[in-house]
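> Below is the sequence, then the predicted model.
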Amino acid sequence: MNTALVQLKLRERQLQDELEQVWASMDSLLEAHEVCGPITPTLVINTLKLMMLEGYGDWLVTPVERTGDVLVTSAEALKVASMETGICQHLLRGMLSRAQHLPVLACRNGKLILRVEG
C-alpha cells in the first residue's frame, strides 16, 4: 500500500471520528450550524467525499462504485446536498473546479468522481 493511500485512510478515519462526535448530539445539520458555525460549501464537499469513501450517505442517490483508483456515483448527490444544506448547487459545482485537499472530487458527465489514489 503506498504512503498516499495510508495517509488518506488515516485522514478518512480522523474525519469520520470528528463527524461522529458532532452528529452524536445533533438531530439535523441546522442544529450543527448552531454549535459548529455556518455550513460552508467546503464542509458540504468534504461531507460528500466522506460519504463516497464510506460508500453510503443520505445525499447519495446511487451506489458508489470503484473503478480503478476512483470512486464514482451520480452527480444528483450535489442536488440533494444543496437541498439539505441550502447551499446553491451551482456554488457546489464551482467549488469542485477549485483547488481541494486530497482526495480530489470532480463532476463529469453526470457523475461525481473521487480519486482515491495519487
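Received, thanks. Residues are numbered from 1 along each chain as shown.
> Now do the SS call for Lys79.
helix (DSSP: H, G, I helix; E, B strand; the rest coil).
> number of nearby residues for the residue lying closest to it once chain neighbours are set aside?
Of all residues not flanking Lys79 in the chain, Gln89 sits nearest, at 5.7 Å (Cβ to Cβ, 6 or more residues apart in numbering). Heads up, the C-betas are built off the backbone N, CA and C, glycines and all. With neighbours defined by other Cβ atoms under 10 Å, the count for Gln89 comes to 14.
> Distance check, Gln89 against Glu12.
25 Å (Cβ to Cβ, to the nearest Å).
> For the residue nearest to the spatial centre of the chain, which residues are in contact?
For the chain, Leu48 is the residue whose C-alpha lies nearest the centre (Cα atoms, centre = their mean; 1.8 Å). When contacts are counted by Cβ atoms under 8 Å, 6 or more residues apart in numbering, Leu48 touches 57, 59, 77-78, 81, 105, 112.
> wait, the residue nearest to Lys79 sits on Ser82?
Yes: the criterion here is Cβ atoms under 8 Å, and Gln89 meets it with Ser82 at 4.0 Å.
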